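**Q** give me the fold of what follows.
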Amino acid sequence: MCLVASFKRYVAANLAEDAAREKVTVLRTDPEPGMEAQIDYGLLGSWTDPRTGRSQRIWAFVMVLSHSRHMFVRPVVSMDQASWTASHVEAFAFFAGGPARLVPDNLKTGVDKPDLYDPKLNRAYGELAAHYGVLIDPARARKPKDKPRVERQMPYIRDSWWKGREFASLAEMQASALYWCRDVAGQRKHRGLEGRTPMEVFDQVEAGTLIPLPAAAFILAEWSRAKVAPDVHVKCGKVLYSVPWKLIGQHVDVRATATMVQIFHHGELVKTHVRKDRGRATDMADYPPQKIAFHMRTPTWCRQRAEQAGPATAAAIADLLDGQALHRLHSAQAILALAGKYSDARLEAACAKAAAAGDASYRTIRNILAAGLEDVEHDRPTGDGGAPAFLHGPAGLFADVIPFPTPTVATTPDTTTPRPAIVVTMPVTVSRTGPRHEPHRHSSAARNDAIALVARHRRPARRHPADPDRTDEG
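**A** Here you go, the predicted model:
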């Protein structure tokens, strides 16, 4: 600070002419009636809300008509885009018209990029100017003398209206400010008006020169810029809104009103949503079809689509979705997808054929269509009741088997010792390749019969007690 003060003293002592030139102020003439209004924000102080007990800083939005010095004051708790735009609308309604030119400060809510020759205005502020037919001409950055009529009013507003007052609510505060503008500030005798009051000059000279208000009310809108996320949503406030999936990774402009949200890409409207307070607003049509096939093809959709294909298809889908609809939804969707690969007619025939076989599952219907069997009818043999079995009959089953022979008993010429000779013939199976012994077929029965026959003939014959030459077997 010492170096700065020393430098200023040096300039004043050695460059007195240049220092005096910088202090010169050019006196501006009063603008024509209805030509200009100057706008600014000013801090009033802190206010404690009686209902919540919370202390808040209160700002005053001030618009002053340059010719009549008639002013509009609106206390606000925030200086965001919505408050800035709403304050302009209330000011135009208070004056019952709009001036030809507005001279605001370079706030971000009004000017995105300050420039002396070509300032870049905020989108919402530009919409307001176009609706009311006014020109926006921002003051130069850090040049308060470009709008002196509003800058000089801030201390007067704080001292005359704000200090010493208590308010129960913000609405009461705003109503009190309007009364003060009309009946206190508007009735004071102003030196720049040659002793007349601002209300007098406004009513007699300036009121009739303002731009009339449009018939349609202005729709308050907030503009923001967002980037489309991989989930095809953009954020506006506390809510996520979906946009077409082809815009993933690109920046879009979001316009939000009280009732709807509009999304623009390179100036072209690409999506409109109903505005919500919280949560997410998603249009499933914004996703690629293959990504949302399961979500879009609900059980209701499956039943309706099946009815279009035919009654057999509708019956098959109804059986799948009966009871466990969500668990079998994939199968129903897969069956209906076969109509796209083949046709509705072929799918209907395949479903009818699968239902007749008692298995109307996806795998069966798919295999029928893949093999082209939906229109093929198989003739079943008669005489067996239609049983699907391979029956050859007894003759065909035992055609290559020689029946088991009966045992042959041969007696010897010796009559004195009549002991029969037993010959057992084992079964032999004759096949096309030649005879072969089969130890397994009829082996148990043949073995038992042979053993019993041999045992019976090997037992000694018992003599009859009355006739010794007679035996039991004789």
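
**Q** next, the contact list for residue 77, please.
**A** The contact partners of residue 77, taken as CB atoms under 8 Å, 6 or more residues apart in numbering, are 56, 57, 58, 59, 83, 170. Any C-beta I mention is one placed from the backbone N, CA and C, and that applies to glycine too.

**Q** quick one, which of the residues you listed are buried?
**A** For the contacts of residue 77, a neighbour count by 16 or more other CB atoms under 10 Å gives the buried set as 58, 59, 83.

**Q** out of those, list just those in helices.
**A** residue 83 (DSSP state H).

**Q** could the buried ones among the contacts of residue 77 go into JSON lines alongside distance to residue 312?
**A** Below are the buried ones among the contacts of residue 77 laid out as JSON lines (distance: CB to CB, whole Å):
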{"residue": "58", "distance to residue 312": "75"}
{"residue": "59", "distance to residue 312": "73"}
{"residue": "83", "distance to residue 312": "65"}
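
**Q** out of the contacts of residue 77, which is nearest to residue 279?
**A** residue 83 (24.7 Å; CB to CB).

**Q** ok, and the closest non-adjacent residue to the closest one?
**A** residue 76 (4.8 Å; CB to CB, 6 or more residues apart in numbering).

**Q** now do the one you found, the pLDDT please.
**A** Per-residue confidence (pLDDT) for residue 76: 97.

**Q** and the longest strand for this protein?
**A** Longest strand of the chain, by residue count under DSSP state E: strand 36-48.

**Q** tell me which helix or strand residue 252 sits in.
**A** strand 251-256 (DSSP states H and E).

**Q** buried ones in stretch 322-332?
**A** Those would be 328, 329, 331, 332, for stretch 322-332 by 16+ other CB under 10 Å.

**Q** cool, and stretch 145-162?
**A** Buried, per 16+ other CB under 10 Å, within stretch 145-162: 146, 147, 149, 150, 151, 153, 154, 157, 161, 162.

**Q** return the residues in contact with residue 129.
**A** 102, 121, 135, 136.

**Q** which of those residues are buried?
**A** The buried subset of those - by 16+ other CB under 10 Å - is 102, 121, 136.

**Q** do I have it right that the last one meets residue 125?
**A** If I follow you right, that is residue 136. Yes: here residue 136 reaches residue 125: they are 6.7 Å apart, a contact under CB atoms under 8 Å.

**Q** which of the three states applies to residue 347?
**A** Secondary structure assignment for residue 347 (DSSP: H, G, I helix; E, B strand; the rest coil): helix.

**Q** for the stretch 201-350 of the chain, which segments count as strands?
**A** Secondary structure of the stretch 201-350 of the chain by DSSP state E, counting those that start in this stretch: the strands cover 222-227, 233-236, 239-242, 251-256, 260-265, 268-274, 279-281.

**Q** give the buried residues for the last one.
**A** When neighbours are counted by 16+ other CB under 10 Å, the buried residues of strand 279-281 are found to be residue 281.

**Q** thanks again, I'm all set now.
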